[in-house]
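Undergrad: Below are the sequence and a predicted model; questions follow.
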Amino acid sequence: MKPRHSFWHMWGWPIVLGVLTTLGLISALFSDGGVGDVLAWFALGIPVAVCAWYGWRRA
Amino acid sequence: MNSRKIKTWAWVHKWSSLVCTVFMLLLCITGLPLIFHHEIGHLLGTEVEAPKMPADTPRVSLDRVLETARSKHPDRVVQFVSQPEDDDGLWLVTLTPTPEPTEDFKSVAIDARTGVVLAQPKFDEGFMYVMFKLHVDLFAGLAGKLFLGFMGLLLLVAIVSGVVLYSPFMRKLDFGTVRREKRPRLKWLDLHNLLGIVTLVWLFVVGSTGMINTWADLIIKYWQYDQLSTLLAPYKNEPIVPAAERASVQRSMEVALKQAPDMKLSFIAFPGTSFSSPHHTTFFLRGNEPFTSKLLKPVLVDAKTAQVTASPEMPWYLTGLLVSQPLHFGDYGGMPMQIIWALLDIATIIVLGSGLYLWLKRGKTVPAPSPVPASPASRSGPQHGGQQPEPAPAMKVQA
């Protein structure tokens, strides 16, 4: 059976969120209260927001 | 992927996660307060802080600090002295009955400027201690650590197999779909898949660094055997240098710090303890930069003569251990990072809990290899009203 979704349709968002998480984890490692920390908050905060948005919103 | 492969991966996912789930739930729940251990310590009043004084206030000699600590516990030896990363006005002295590794220790917090005892914090009792022990070794020492490390390995297997299974389960759904209008099992399956795939990288990093942390004792032992034993060969058969024959610790520290002027003291290990040798006082220094502050450099100072014997570079495996620690603790990016860590931890609890629920309410877990569309409407794809062929007919019958 042919998949209905292309690779990017299925894996696009998981990959974007995975890259963001990686970026956030590394960014805070090289920062001490600076821009790197803020970048980490956003990069890790977006996956958290995605969990909350899709997990809580009513259909 | 054919249905045989899917079945194999589903089997791997089911058993790897089933075995570790209860322990992972325990680790997630006990880990939650540990993320905020500093803040909770402040609230409970158990966190010791040195009173504010001008930065250039002169400091008392470390020898006097040690004397004061010993006078509180004359029957014990000093094993370690450390300084909190963010508070160099404080010395924390750890005293034990013998230099060997032990759970029986007393701590004395001494003001580095006045030499006054500020507190004798008890790190081996209370709520946070129970959380910590359950999280680290289940009160079972090295065996407990290694057991939890193995559970961590199973978690990693469960994550990888979960990613493989994501595609057959999601091939007809848009990202983030949670089918709430149908039976609860579908809703929890979708939530499990959604939260699982979103927290994937974070959980993999926290899981693998946690597993690496369980090997810390062994890694340090290996380092002593691999590198320190060569350095310490000349002192091999010598007994622990008696306290009366030791040079000034203050002077030894100054000598050690002179080795690396751009570094700060992290902690001192005294002769005969697990981080030193019978003949040396070992000073562990850390860098000043955000990243290098997580790395340590040991300086071995002869306990009798206060001469530097060696200052070996940390091998890659110890560097790896030290770098993996902040990635596990989540305490390296300020309070917002800690909150995000806690939220991701809660998301993981939901992934674990929903996985358990899906198993308890199990039906057919493998999606049908080529489902027959139930009605013409389903051919128009998942975007139109959630007409996905899942769950497979067999599951409907069982459920």
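TA: Structure received.
Undergrad: Just want the phi and psi numbers for the most centrally placed residue in chain A.
TA: For chain A, A:L17 is the residue whose C-alpha lies nearest the centre (C-alpha atoms, centre = their mean; 2.6 Å). Phi and psi for A:L17, reported as degrees, to the nearest 10, are phi -70, psi -30.
Undergrad: Find the residue closest to it in space, skipping its chain neighbours.
TA: A:P47 (4.8 Å; C-beta to C-beta, 6 or more residues apart in numbering or on different chains). Just so you know, the C-beta spots here come from the backbone N, C-alpha and C atoms, and that holds for glycine as well.
Undergrad: Does the one you found touch B:V198 like I think?
TA: Yes - A:P47 is within contact range of B:V198, at 5.1 Å (criterion: C-beta atoms under 8 Å).
Undergrad: The residue nearest to the centre of chain A against A:V48, yeah?
TA: No - counting by C-beta under 8 Å, A:V48 is not a contact partner of A:L17; they are 10.1 Å apart.
Undergrad: Which one's more surrounded, A:P47 and B:V198?
TA: Shown here are A:P47 and B:V198; by other C-beta atoms under 10 Å in any protein chain shown, B:V198 has more neighbours (29 against 26).
Undergrad: Does the more buried one touch A:P14 like I think?
TA: Yes - using C-beta under 8 Å as the test, B:V198 is close enough to A:P14 to be in contact (7.5 Å).
Undergrad: is whichever strand or helix holds B:L356 up against chain A anywhere?
TA: Using DSSP states H and E, B:L356 maps to helix B:334-360. Yes - judged by C-beta under 8 Å from any C-beta of the partner chain, helix B:334-360 and chain A are in contact via B:334, B:336-337, B:340, B:343-344, B:347, B:350.
Undergrad: where does chain A have low pLDDT?
TA: For chain A, applying pLDDT under 70 flags the ranges A:1-5, A:58-59.
Undergrad: the helices in it, which residues?
TA: With DSSP state H as the criterion, chain A has helices at A:7-29, A:35-56.
Undergrad: what's the answer for the stretch 151-300 of chain B, then?
TA: For the stretch 151-300 of chain B, the helices defined by DSSP state H, counting those that start in this stretch occupy B:184-198, B:200-214, B:216-223, B:229-231, B:249-259.
Undergrad: Tell me where the stretch 51-200 of chain B has strands.
TA: Secondary structure of the stretch 51-200 of chain B, counting by DSSP state E, counting those that start in this stretch: strands at B:77-82, B:90-96, B:106-111, B:117-119.
Undergrad: Go through those and name the closest to B:A143.
TA: Among these, strand B:90-96 comes nearest to B:A143, with 21.3 Å by C-beta to C-beta.
Undergrad: Mind listing the strands that closest one pairs with, and their directions?
TA: Looking at strand B:90-96 with DSSP bridges, its partner strands are strand B:77-82 (antiparallel), strand B:106-111 (antiparallel).
Undergrad: how about the ones you listed, which one is nearest B:H13?
TA: Taking those one by one with C-beta to C-beta, strand B:77-82 is closest: 42.9 Å.
Undergrad: Kindly format the C-alpha coordinates of the closest one as PDB.
TA: Output in PDB follows, covering the C-alpha atoms of strand B:77-82 (Å, rounded to 0.1, in the frame of the first residue of the first chain):
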ATOM      1  CA  VAL B  77      38.600  12.600  59.600                       C
ATOM      2  CA  VAL B  78      38.100  15.200  57.000                       C
ATOM      3  CA  GLN B  79      37.300  13.500  53.700                       C
ATOM      4  CA  PHE B  80      36.300  16.400  51.500                       C
ATOM      5  CA  VAL B  81      36.100  20.200  51.600                       C
ATOM      6  CA  SER B  82      34.000  22.000  49.000                       C
END
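Undergrad: Show the average pLDDT along it.
TA: Computed over strand B:77-82, the mean pLDDT rounds to 95.
Undergrad: now swap in stretch B:283-291 and tell me
TA: Stretch B:283-291 comes out at a mean pLDDT of 91.
Undergrad: Any buried residues in stretch B:111-130, and which?
TA: Residues of stretch B:111-130 classed as buried by neighbour count (16 or more other C-beta atoms under 10 Å in any protein chain shown): B:111-115, B:117-119, B:128.
Undergrad: Surely B:D75 is in contact with B:P97?
TA: Yes - when contacts are counted by C-beta under 8 Å, B:D75 is listed as touching B:P97 (7.2 Å).
Undergrad: Which one's more surrounded, these two?
TA: B:P97 (14 against 7).
Undergrad: what does stretch B:97-106 contact?
TA: Contact with stretch B:97-106 is made by B:72-73, B:75-77, B:79, B:94-96, B:120, B:123-124, B:240, B:270-274, as judged by C-beta atoms under 8 Å, 6 or more residues apart in numbering or on different chains.
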